[in-house]
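Q: Everything below, folded, please.
(one chain, ligands or ions: 1)
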Amino acid sequence: MLGENVTIASSEVVNDKLLGGLLTTGFDEQSCLSRYQSVLYRKASSHFPSAYLLERLREHEALQKKCGPHTESYKKAIEQLKAGQGAKVMECNYLVWVAYSGLGNRILTMASAFLYAILTRRVLLVDIDKGTADLFCEPFPETSWLLPPKFPIKQFKNFSNGSPESYGNMLKNKAIHSNPAFLYLHMAHDYSDYDKLFFCEDNQQYLRNIPWLILKSDNYFVPSLFLIPAYQEELTRLFPQRDSVFHHLGRYLFHPSNVVWGMVTRYYDSYLARADERLGIQIRVFDPEPGPFQHVLDQVLACTLKENLLPAINSKQPIVSTRHSRLKSVLITSLNSGYYEKIRSMYWEHPTTNGEMISFHQPSHEEHQNSDKKMHNMKAWAEIYLLSLSDVMVTSAWSTFGYVAQGLSGLRPWLLFKPENRIAPDPPCRQVLSMEPCFHAPHYYDCKAKRGADTGKFVPYVSHCEDMSWGLKLVDQSEW
Ligand code: GDP
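A: Have a look, this model is predicted:
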C-alpha cells in the first residue's frame, strides 16, 4: 500500500518537473539546471497544454534532431542553398531567426518564429548574436538550435526593409522567381504593405515551396497567424485555450542558462522566498529623458493603492504592530532606481494601515538599454524571470519586457497605461484581458477582398490590445 503511494507521489513530481508533459526527458540536467528546477520556484500553472500540442512538440523535436546542424540533411540543404536558384523543397526546410532589438522583443519573436516553424514543419535555427547561447539553454534534445557560424549567407544580419532579397521587395518589384533557394522575411516594425502580404493565404502557399526562410522581426506576430485560414484548424487543436500560446511556448523554449539561473535563484532565495506574497512591479518609461519622473511615481502608487496591491500608509500613527504580520515582498524592475528609492522610503517612514510588512527589492538599475552587452542582457533576462515568479504583477504599457514576464507567469497583470505629455493617466491602470503579448504592428488588410480592413474585428479571439488601440492580441472568451 505504502509502496503504491510512493510511486504515485514520485510520478507526480516527475510530471510536475516536466510541466504537465510540455518538457521532455533526455536532457543532461546539469547542463541546464533551470529546465527541471523551475518547478521549485514557480507555482504550478492552471493552464494545461493540450494533448495535441504535446504530440506536435515531440514531432517537432524529432524534426529538429533529424535536420539539425551537422546532419546529412543539413549538409544537403546547405549545398542547395549555396547552389542558389532552382532549389526544390526537400525533407528538411528551415527558418532562420535573426537576433534583433531588445531582449523582450527577441524572446517574443523567437516564440512567434517557433510557432510558425511548427505550423509549416520547418526546422528553427537561431542567430547566436546578442548572446543567445549565453542566455538560453538548448530547447530541443540531442541537437542544437544555434545557427552554425559557417552559414553561407553572411549578409543575413544586415538584411533590412530595403533588401532586394526580401519577399516584400520581390513582390513589389514583381521579381518573384519560381523557386529561389531562400527568401528574407522582413517583419520588423518598419515593414511595408508588401511584406505584410506574408499574412495572406496565397502568399503562405508560395512560401511553402522555399527551402530556407530568414526572418527578422521585433514583433509578436502570433495573433495574425490565427487569421490565416490554412492554419486556423491546426491552431485551434494546438491551443484550445487561445490565450495560452506564449504561456506554453515560452515555458517550453526559454530556460535560463546556468549563469542566469544562478542569478535568478540567488536573488529569489535571498530576498523573495520568505514572503507570504510577492508583488512584481515593472516600470518601463519610454521617454528620451532618463527620469525618475514624478508622474510615473504618482501613477504607480495610484494603481497599486487603488487596486489594493499595496496597503495605504498611516501618516497619523507612528507605530502599528508588525510582529505577527504578513510579509509582502515587492520586486521592482526598472532602468532607474529613483522609483524604488522613493516607494521604499515611504514605507520605511510610515507604517502601513493594515500592519502588513512590506520589503522592496530592485536587482539592478542599468540606466540605459545596452542590448549588445552580455551582463546587461543576463540581468535583463534574470529580472524578467524573477518578475514572472510573482504572485501578482504590475507591468508597463507597450513593453515587451513586461509581456514576457506576464506570459511566463500565466498571470493577468495590472497594466500601467502609457502617460501622454508627462501626465499620469486616469485611471492609472487596468487588469489585462489575457496573458498574451500584444502584436504592435499588425496588418490591416482583408486578403480575400484585397482591401484595407480592421483585423481586430475578424474573429472574436483576436482583439485590440489594452495598451495599444491598433495592436492585436489573443483573448479567450471562455474566461470572461
Ligand atoms: P521593451 O523595450 O520594454 O519592449 O523591452 P525590450 O526587452 O525589448 O528592450 C528593453 C531593454 O532595455 C531590455 O532588454 C533591457 O536590456 C533594458 N531594460 C529595460 N527595462 C529594464 C529593467 O527593468 N531591468 C533591466 N535589467 N533591463 C531593462
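
Q: Chain neighbours aside, what residue packs nearest to whatever residue of the chain ends up closest to the ligand?
A: Distance from the ligand to each residue of the chain (C-beta to the nearest ligand atom) is smallest for residue 102, at 2.1 Å. Just so you know, the C-beta spots here come from the backbone N, C-alpha and C atoms, and that holds for glycine as well. Taking C-beta to C-beta, 6 or more residues apart in numbering, and ignoring the residues beside it in sequence, residue 102 has residue 371 as its nearest neighbour in space, at 5.2 Å.

Q: Got phi/psi on the one you found?
A: The phi and psi torsions at residue 371 (degrees, to the nearest 10) take the values phi -70, psi 0.

Q: now the one 4 residues further on
A: Taking degrees, to the nearest 10, you get phi -70, psi -30 for the backbone angles of residue 375.

Q: hang on, the earlier thing: quick one: the residue nearest to residue 102 from residue 379, how far?
A: In this view, residue 371 and residue 379 are 12 Å apart by C-beta to C-beta, to the nearest Å.

Q: now do residue 304
A: In this view, residue 304 and residue 379 are 24 Å apart by C-beta to C-beta.

Q: Looking at the two, which has the bigger crowd around it?
A: More neighbours sit around residue 304 than around the other of residue 304 and residue 379, counting by other C-beta atoms under 10 Å; the figures are 22 against 19.

Q: The residue of the chain closest to the ligand touches residue 370, doesn't it?
A: No. Counting by C-beta atoms under 8 Å, no contact exists between residue 102 and residue 370, whose distance comes to 9.8 Å.

Q: How confident is the prediction for residue 251, by pLDDT?
A: You'll see residue 251 listed with a pLDDT of 98.

Q: Now do the contacts for residue 20.
A: Applying C-beta atoms under 8 Å, 6 or more residues apart in numbering, one finds that residue 20 lies in contact with 45, 48, 49.

Q: and the last one, which of the three is it?
A: Going back to what we said before, that points to residue 49. Following DSSP: H, G, I helix; E, B strand; the rest coil, the label given to residue 49 is coil.

Q: That one and residue 23 touch, don't they?
A: No. Under the contact definition of C-beta under 8 Å, residue 49 does not touch residue 23, with a separation of 10.2 Å.

Q: what residues does the stretch 201-350 of the chain put near the ligand?
A: With C-beta under 6 Å from any ligand atom as the criterion, the stretch 201-350 of the chain comes near the ligand at residues 284, 333, 334, 335.

Q: most neighbours, which of those?
A: For those, counting by other C-beta under 10 Å, the largest number of neighbours falls to residue 333: 27 neighbours.

Q: Give me the secondary structure label for it.
A: Residue 333 carries the three-state label strand when classified by three-state DSSP.

Q: Remind me which helix or strand the nearest residue to it once chain neighbours are set aside belongs to.
A: Counting by C-beta to C-beta, 6+ apart, the nearest residue to residue 333 once its immediate chain neighbours are dropped is residue 383, at 4.6 Å. Under the criterion DSSP states H and E, the helix or strand holding residue 383 is helix 374-387.

Q: That helix - contacts with which helices or strands?
A: Contacts of helix 374-387 with other secondary structure elements, assessed using 3 or more C-beta pairs under 8 Å, 6 or more residues apart in numbering; DSSP states H and E, are made with helix 103-120, helix 132-135, helix 258-267, strand 277-283, strand 327-334, helix 400-409.

Q: tell me the contacts of residue 244?
A: Residue 244 is in contact with 47, 49, 410, 435, 476, counting by C-beta under 8 Å, 6+ apart.

Q: Now a PyMOL select for only the buried ones of those residues.
A: Remark: buried members of the contacts of residue 244, expressed as a PyMOL selection using 16 or more other C-beta atoms under 10 Å:
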select buried, resi 47+49+410+435+476
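
Q: and the contacts of residue 244 as CSV, adding distance to residue 190?
A: Output for the contacts of residue 244, formatted as CSV (distance: C-beta to C-beta, whole Å):
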residue, distance to residue 190
47, 34
49, 35
410, 32
435, 28
476, 31
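
Q: Out of the contacts of residue 244, the closest to residue 226 would be?
A: When the contacts of residue 244 are compared for distance to residue 226 (C-beta to C-beta), residue 476 comes out closest, at 11.8 Å.

Q: quick one: the closest residue to that closest one other than its chain neighbours and residue 458, what's the gap?
A: Excluding the flanking residues, the one nearest residue 476 by C-beta to C-beta, 6+ apart is residue 243, at 4.2 Å. With distances defined as C-beta to C-beta, the gap from residue 243 to residue 458 amounts to 17 Å.

Q: and those two? which has more neighbours close in?
A: Neighbour totals were compared for residue 243 and residue 458, and residue 243 leads with 23 against 15 (other C-beta under 10 Å).

Q: residue contacts, that one?
A: By C-beta under 8 Å, 6+ apart, the residues touching residue 243 are 434, 435, 436, 461, 473, 474, 475, 476, 479.

Q: Quick check: the first one touching residue 477?
A: No. Residue 434 is not in contact with residue 477 according to C-beta under 8 Å; the separation is 10.0 Å.

Q: More neighbours: those two, which one.
A: Summary of the neighbour comparison: residue 434 and residue 477, criterion other C-beta under 10 Å, with residue 434 having more neighbours (27 against 12).

Q: Look up the pLDDT of residue 231 for me, please.
A: Residue 231 is assigned a predicted lDDT (pLDDT) of 98.

Q: quick one, phi/psi of it?
A: Residue 231 adopts backbone torsions of phi -100, psi -10, taken as degrees, to the nearest 10.

Q: surely it meets residue 225?
A: Yes. Using C-beta under 8 Å, residue 231 is in contact with residue 225, at 5.7 Å.

Q: any chance you could map the strands in the stretch 301-450 of the chain?
A: Read by DSSP state E, counting those that start in this stretch, the stretch 301-450 of the chain holds these strands, from start to end of the chain: 327-334, 357-361, 392-396, 414-416, 429-431, 445-446.

Q: Can you redo these as CSV, where the extra columns are mean pLDDT?
A: As requested, these are arranged in CSV below (pLDDT from 0 to 100):
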stretch, mean pLDDT
strand 327-334, 98
strand 357-361, 97
strand 392-396, 98
strand 414-416, 98
strand 429-431, 98
strand 445-446, 97
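
Q: In a markdown table: those, plus distance to residue 173.
A: Compiled in a markdown table, those are given as follows (distance: least, C-beta to C-beta, whole Å):
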| stretch | distance to residue 173 |
| --- | --- |
| strand 327-334 | 45 |
| strand 357-361 | 54 |
| strand 392-396 | 40 |
| strand 414-416 | 41 |
| strand 429-431 | 45 |
| strand 445-446 | 20 |
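
Q: Quick one, which of those gets closest to residue 202.
A: Distance to residue 202, taken as C-beta to C-beta, is lowest for strand 445-446 among the strands of the stretch 301-450 of the chain, at 12.5 Å.

Q: Paired strands for the closest one, with orientation please.
A: The pairing partners recorded for strand 445-446 under DSSP bridges are strand 451-452 (antiparallel).

Q: Pull the residues that contact the partner strand.
A: Strand 451-452 has contacts (C-beta under 8 Å, 6+ apart) with 444, 445, 446.

Q: if we go to 10 Å?
A: Outside strand 451-452, the residues within contact range by C-beta atoms under 10 Å, 6 or more residues apart in numbering are 193, 443, 444, 445, 446.
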